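Asker: just the structure for this:
(one chain, ligands or ions: 1)
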Amino acid sequence: MSRLRLYDTLSGRKETFRALAPPRVNMFVCGPTVQSAMHLGHARTYIFFDALARYLGHLGYDVFYLMNITDIDEKITSAAAGAGEDPLEYARHMTSSLKEDFRMLNIETVSKFEPVSEHVDEAIRQTRLLLEKGFAYQAGGWVYFDTAKFSRWGRLSHQTKKDLALRPLELSPAKRNLNDFGLWRPEMLVEGRWASPWGLGSPGWHIQDTAVTIPLLGPQYDIHGGAYELVYPHHEAEMAEAESLSGVRPFVRHWVHTNLLKTEGAKMSKSMGNAVTVKEALKSFSADEIRLFFLSIHYRKEAGLTGLDAAQKRLRKMRVMARKFARVEEMPGPSLGEFGRALDDDFDTPRALRWAEATLMAASKHADRDKARRMAAPAVAGMKVLGVDLFEDS
Ligand SMILES: [Zn+2]
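Answerer: Take a look at the predicted model:
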């Protein structure tokens, strides 16, 4: 059994990782809305989940990592209009650019990318089923999910009824409750192009995800990941949809969320205009440097960009020390010593990196070469598991 413990957003504490059907692990992470080039805020999230998938693989799990590509969204429609392109065509270009950024950052673990525009039939099927089961209603051309029918609404984001009342969703006089959200949106939106029993329109954001996951992963799976800002309403809504559709609870075993990347105190986002794209960052820093930088901050802490130069120096130093041993053998088996123990404790990569650095330092000063190599091996192997190769120049 694994000793890995991960903080679970739903329970609010660290939980021992238990796969539903080992050795298989089904992991779904929300992919980006492909409206413009990928920025470092995204990179943080995807580097973390790539490192987690690599570690699960190292522990002997067979990870199926699914990511959706949000290619239906009004932000895409307006960006496409600006570029003089068809929205879906535009989204396809941006998806290729995203996959290229993933390759450049050595994000290699995603098993399958699924554009949501190819799952609209399933979104319609789920919406119809929610209507039949009484969890949804039609109003003003929309189909809404009725949050009053779902007793666990607010549970994932740990909000009381009072908190929720302060955070109404999708304001409309036709809605029954303030937090009800759209499952089907009418043609008023430019990208509305799909025929449905409720007229031309498009699926709401949240059902786009369950439309991708339920057919491929079933009504229940192991890990659902994403950026922390997606907890409410996006993931809260997904949980409500999935559990209402299947009656199976919990929808996912482990809810894992990464914290924000901020620049000068503000969240990095395209709308704030403070986003550094991955392609820009890769002009000054290597993939390994960017990976080391993000992994040197715990995934649940807020990050800034001030440490990137320091990460570059840190990696150079670690490589100089590691190279004193020529190529050390990787440690056989799942034991990475103290490095692994740090990862097992809610994926504490900063602690693992500190240990690797100190171990390489101590080993490089050791008089006995063989002993020094054995000492350094778990540090080098651990770094490799995280996708940072100390013997490669990049
Ligand atoms: Zn999503």
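
Asker: contacting residues for the residue in the stretch 151-300 of the chain that the ion sits nearest to?
Answerer: Per Cβ to the ion, residue 209 is where the stretch 151-300 of the chain lies closest to the ion, at 4.2 Å. Bear in mind the C-beta positions are built from the backbone N, C-alpha and C, glycine included. By Cβ atoms under 8 Å, 6 or more residues apart in numbering, residue 209 lies in contact with 28, 30, 68, 116, 234, 238.

Asker: that one should be in a helix, yeah?
Answerer: Yes - counting by DSSP: H, G, I helix; E, B strand; the rest coil, residue 209 is found in a helix.

Asker: and the pLDDT at it?
Answerer: For residue 209, the pLDDT comes out at 97.

Asker: dihedrals phi and psi, residue 130?
Answerer: Phi and psi for residue 130, reported as degrees, to the nearest 10, are phi -70, psi -30.

Asker: now it, nearest residue through space, not along the chain?
Answerer: For residue 130, ignoring the flanking residues on the chain, the nearest one in space by Cβ to Cβ, 6 or more residues apart in numbering is residue 136 at 4.0 Å.

Asker: do the same with residue 253
Answerer: Residue nearest to residue 253 in three dimensions, not counting chain neighbours: residue 222, with 5.1 Å by Cβ to Cβ, 6+ apart.

Asker: ok, how many other residues are close to that neighbour?
Answerer: Close neighbours of residue 222, defined as other Cβ atoms under 10 Å, add up to 23.

Asker: got the contact list for it?
Answerer: Residue 222 neighbours (Cβ under 8 Å, 6+ apart): 19, 20, 25, 26, 27, 252, 253, 254.

Asker: ok, residue 354 to residue 84 distance?
Answerer: 51 Å (Cβ to Cβ, to the nearest Å).

Asker: picking that back up, which of the contacts of residue 222 fall in strands?
Answerer: 25, 26, 27, 252, 253, 254 (DSSP state E).

Asker: adding pLDDT and distance to the ion as columns, could you present these in CSV?
Answerer: Conversion of those to CSV gives the following (pLDDT from 0 to 100; distance: Cβ to the ion, whole Å):
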residue, pLDDT, distance to the ion
25, 98, 19
26, 98, 15
27, 98, 13
252, 97, 12
253, 97, 18
254, 98, 16
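
Asker: around the ion, which positions in the chain sit nearby?
Answerer: 30, 209 (Cβ under 5 Å from the ion).

Asker: what ranges do the strands span in the chain?
Answerer: Assigned by DSSP E, the chain shows strands spanning 5-8, 13-16, 24-29, 62-69, 112-115, 136-139, 142-145, 181-186, 201-203, 221-227, 252-258, 262-263, 266-267.

Asker: many thanks, we can stop here.
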